[in-house]
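# task: produce atomic coordinates for the following.
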Amino acid sequence: MEKSKKEVKLFEGDENEERGNWNHHIEYILSLLGYAVGLGNVWRFPYLTYDHGGAAFLIPYVIMLVFAGIPLFYMEVILGQYSSCGPSTLWRCTPALKGIAVAQVIISTLVGIYYNTIIAYTVFYFISSFSWELPWIGCHHSWNTNACDSIYKAIHNCTGITKPKYVPIDADDKNATKCWNGSWVLPSDSLYPDIKDILPKRSSDEYFWREVLQISDDIHTITKINWRLALCLFFSWTVIFVCLQKGIKSTGKVVYFTALFPYVVLVILLIRGLTLPGFQDGIYFYMIPDFENLKDISVWKDAAGQIFFSLSACYGGIITLSSYNKFHNNCYRDALVVPIANCATSVFAGFVIFSILGYMANKLGVRVQDVASGGFGLAFIAYPEAIVELPGSNFWAFLFFFMLFTLGLDSEFAILELVQTTICDEFPSLRKYKVLVCLGLCMSLFVCGLITVCDAGPFIVDLVDTTIGSNAIIITGILESLAISYLYGFQKFRKDVFVMIRNKPNIFWIACWICISPAILTGAILYYFIMYESTGDVIVEVFTFLLTLSPVWVTLLYFIQYLAFRTTGGFSERIRQCITSSDDWGPALLKFQLEEEELFPERTKVRTPYINQGLQVDDTKL
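Residues are numbered from 1 along each chain as shown. Reported below is the predicted structural model:
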């Protein structure tokens, strides 16, 4: 009777008591969706769409989604769910390639540092929204210069004006010396003979760069920490710690709000945008196709980059979140639903953004492209300026920046969960101290992040975003897909999927994993290197290439040390040991190990009596 009870306890449910599982499947979907849907969906995708031919951009975008984005997303979901472990312990399937996981953790840590700095920007704007007058309105503030747009608003030439206004050659010079006719061309004897066509700046532009960021002249000029941004950064890390301290058990509850609230705000903003005069100009500009742009290879490269950036594939976060799934969860369904929902969100956000920008262009009497900006400019310059034109602008500013804050939190949750899971998987004894691990991690990354809120911080954020957040992760995707397809073996991989969902991936998925996806990503990264333009700054160049190629040299260094110190025999034998799965590779729970061996007898493992995951195993049943 006692043995029978132990067997029942061993085989009841699918709960991994040591690591934990999602309480409900919807928590996993919302966490995955929140991780994928981030700040880039609101500013990066809409800008790329209108910059590359409007609706025509959707053609390469969808192609990249189908042949690169979803296949690699599916691969990572499978790896995490099958092994029930994070990236660091996942590579027991090909032990010498654990360097890929090390690279992913390094990349995610750096991304987590600078991404939370961007969240701190949203906190700053969110707090500013409570001002009686939105601070980015007008040119009468201490941070404004003579280049502020309202000074020149009605000036198109130097004639026909009752009181001609004169502008200085130097925007910071308060003594007007030259009449502006819409485009300055400085005389050869001026102090700045190389400056051509100096144009006025928006008040929202000066607010962002001069007041919020207090940016220096270049990346080498670090003189002070912006303590207001530092406090916003501290607040962001505090919120993340509170939500993440108990791992998926706490974040699983928070995502019900943080993942769904942005959609509510987007719907509200779209309804408001569609009631404004001129909205159709923005929508038309956003969606009108220009198929000539498809001949430009940079359009296809940007589409591939945006898919990777948007889905957050190959950072390791998808593997981490999926590792908390129950073993027989339908991962195939999840791998289709989340990427499609993510990309639909990007398209929907584009309608929201450009309906407002269309109204702004109509009100100012200019073209839509003259009020739209890319990157930070769309979220922190153009859109705040558009909000000013709306009745009840403080409310809309509050709503918009709170939405950006929640969008950023979801992605940051998954990034930090990846790093925390890696630490606990590498040192299992720390799992019972998860709160302290989380606290130490958040405090450490906050301190590291202080350099991103100094006056040279924006340059550092841009450098890391361009190298680590984009190009390095594409290289990681290439290495990951090739390692699983060729070294671990796609036939083994198909069997892993069959054990979980009783269905093997078809020829489409195999073709993408072994050929199509790696080829697309390789083409994208080669195009980057071919078209790369030097900045002329040696230090920046060195860091650019070190960070961009970090997955390569980290993986290579780990492989060499594994080959030299962890294998024995001749060279060919050592190579065989490097790529042969370790004995403890496979499903984490004994129940599913036995189930797998029943389906595929060749995977039967030799066991001796032992205690597995805290449960006494009856060796007579093995």
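# hang on, Leu321 packs against Glu417?
Yes - contact criterion CB atoms under 8 Å: Leu321 and Glu417 qualify, at 7.0 Å. (Glycine included, C-beta is placed from N, CA and C.)
# out of these two, which sits in the more crowded spot?
Taking neighbours as other CB atoms under 10 Å, Leu321 and Glu417 compare with Leu321 leading, 29 against 24.
# identify all contacting residues around the helix or strand harbouring the more buried one.
Assigned by DSSP states H and E, Leu321 belongs to helix 317-322. Residues from elsewhere that reach helix 317-322, judged by CB atoms under 8 Å, 6 or more residues apart in numbering: 28, 31-32, 35, 73, 76-81, 86-87, 90, 108, 248, 312, 331, 414-415, 417-418, 421-422.
# rerun at 6 Å
Contacts with helix 317-322, where a contact means CB atoms under 6 Å, 6 or more residues apart in numbering, come from 31-32, 35, 76-77, 79-81, 86-87, 414-415, 417-418, 421.
# for Phe208, give me the pLDDT.
We note a pLDDT of 90 for Phe208 in this prediction.
# from Leu430, how far out is it?
Separation of Phe208 from Leu430 (CB to CB, to the nearest Å) stands at 41 Å.
# more neighbours: which of those two?
Shown here are Phe208 and Leu430; by other CB under 10 Å, Phe208 has more neighbours (23 against 15).
# in the host helix or strand of Val554, what counts as buried?
Using DSSP H and E, Val554 sits in helix 550-565. Across helix 550-565, burial judged by 16 or more other CB atoms under 10 Å covers Ser550, Pro551, Val552, Val554, Thr555, Tyr558, Phe559, Tyr562.
# how far is the following helix or strand past it from where the chain is centred?
Sequence-wise, the next helix or strand downstream of helix 550-565 (DSSP H and E) is helix 571-579. Relative to its chain's centre, helix 571-579 lies at 36 Å (CA atoms, centre = their mean, to the nearest Å).
# so which bits of helix 571-579 are buried?
Within helix 571-579, the residues that count as buried by 16+ other CB under 10 Å are Arg574, Gln577, Cys578, Ile579.
# can I get those in TSV including pLDDT and distance to Val540?
What follows is the buried residues of helix 571-579, written out as TSV (pLDDT from 0 to 100; distance: CB to CB, whole Å):
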residue	pLDDT	distance to Val540
Arg574	94	39
Gln577	93	41
Cys578	94	36
Ile579	92	37
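# so which of those residues comes closest to Phe354?
Nearest to Phe354 among those: Ile579, at 49.7 Å, using CB to CB.
# that closest one contacts Thr94, correct?
Yes - using CB atoms under 6 Å, Ile579 is in contact with Thr94, at 5.0 Å.
# residues near Leu418, how many?
Neighbour count for Leu418, taken as other CB under 10 Å: 29.
# how about the closest residue in space to Glu597 that isn't next to it in sequence, phi and psi?
Leaving out its chain neighbours, the residue that sits closest to Glu597 by CB to CB, 6 or more residues apart in numbering is Thr604, at 4.6 Å. The phi and psi torsions at Thr604 (degrees, to the nearest 10) take the values phi -60, psi 130.
# can you check Ile225 too?
phi -100, psi 130.
# closest to Glu17 out of the contacts of helix 317-322?
Distances from Glu17 to the contacts of helix 317-322, taken by CB to CB, are shortest for Thr421, at 16.1 Å.
# quick one: contacts for the closest one?
Gly86, Thr320.
# so how far is Met403 from it?
In terms of CB to CB, Thr421 sits 28 Å off from Met403.
# what's around Val242, how many residues?
Val242 has 13 nearby residues by other CB under 10 Å.
# which outside residues touch stretch 77-87?
By CB under 6 Å, 6+ apart, stretch 77-87 touches 16, 90, 101, 104, 316, 319-320, 322-323, 325, 331, 335, 421-422, 425, 496-497, 588.
# neighbours around Ala397, how many?
23.
# isn't it up against Ile127?
No - using CB under 6 Å, Ala397 is not in contact with Ile127; the gap is 10.7 Å.
# residue contacts, Gln420?
Cys438, Leu441.
# how far away is it from Thr535?
Taking CB to CB as the measure, Gln420 and Thr535 are separated by 35 Å.
# and Leu134, by the same measure?
In terms of CB to CB, Leu134 sits 35 Å off from Thr535.
# so which of these two has more stuff around it?
Leu134 (21 against 12).
# would that one count as being in a helix?
No - Leu134: not assigned to a helix; according to DSSP: H, G, I helix; E, B strand; the rest coil it is coil.
# torsion angles phi and psi at it?
Dihedral angles (degrees, to the nearest 10) for Leu134: phi -60, psi 130.
# now swap in the one 4 residues further on and tell me
Note on Gly138: its backbone torsions stand at phi 80, psi 170 [degrees, to the nearest 10].
# and the residue nearest to Glu597, how many neighbours?
When neighbours are defined as other CB under 10 Å, Thr604 has 12 of them.
# just the pLDDT at it, thanks.
79.
# same check on Asp170?
With respect to pLDDT, Asp170 has a value of 42.
# again, but for Pro187
37.
# can you check Leu321 too?
89.
# now the one 5 residues further on
Model confidence at Lys326, given as pLDDT, is 90.
# which element is it on?
Counting by DSSP H and E, Lys326 is part of no helix or strand.
# tabulate the CA atom coordinates of the helix holding Val554 in CSV.
Taking Å, rounded to 0.1, in the frame of the first residue of the first chain, the C-alpha atoms of helix 550-565 are listed here in CSV:
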residue,chain,number,x,y,z
SER,A,550,29.5,39.0,-29.1
PRO,A,551,27.4,35.8,-29.9
VAL,A,552,30.2,34.5,-32.1
TRP,A,553,33.2,35.1,-29.9
VAL,A,554,31.3,34.1,-26.7
THR,A,555,30.1,30.8,-28.3
LEU,A,556,33.6,30.1,-29.8
LEU,A,557,35.4,30.7,-26.5
TYR,A,558,33.0,28.4,-24.6
PHE,A,559,33.4,25.7,-27.3
ILE,A,560,37.2,25.9,-27.1
GLN,A,561,37.3,25.6,-23.3
TYR,A,562,34.8,22.7,-23.4
LEU,A,563,36.8,20.9,-26.0
ALA,A,564,40.1,21.4,-24.2
PHE,A,565,39.1,20.7,-20.6
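# list the contacts of that helix.
So helix 550-565 is in contact with Ala96, Lys98, Gly99, Ile100, Val102, Ala103, Ala472, Ile475, Thr476, Leu479, Arg574, Cys578, going by CB under 6 Å, 6+ apart.
# skipping adjacent residues, who's closest to the first one in space?
What that stands for is Ala96. In space, Ala96 is closest to Cys578, 3.5 Å off (CB to CB, 6+ apart).
# gap between the one you found and Val77?
In this view, Cys578 and Val77 are 26 Å apart by CB to CB.
# and if you look at Gly523?
With CB to CB as the criterion, Gly523 and Val77 are 25 Å apart.
# neighbour count for these two, which is higher?
Higher neighbour count among Gly523 and Val77: Val77, with 24 against 14, using other CB under 10 Å.
# and the helices in the stretch 351-500 of the chain, which stretches?
376-377, 383-388, 393-426, 434-449, 457-466, 473-482, 490-501 (DSSP state H, counting those that start in this stretch).
# what average pLDDT does the third one get?
Throughout helix 393-426, pLDDT has a mean value of 88.
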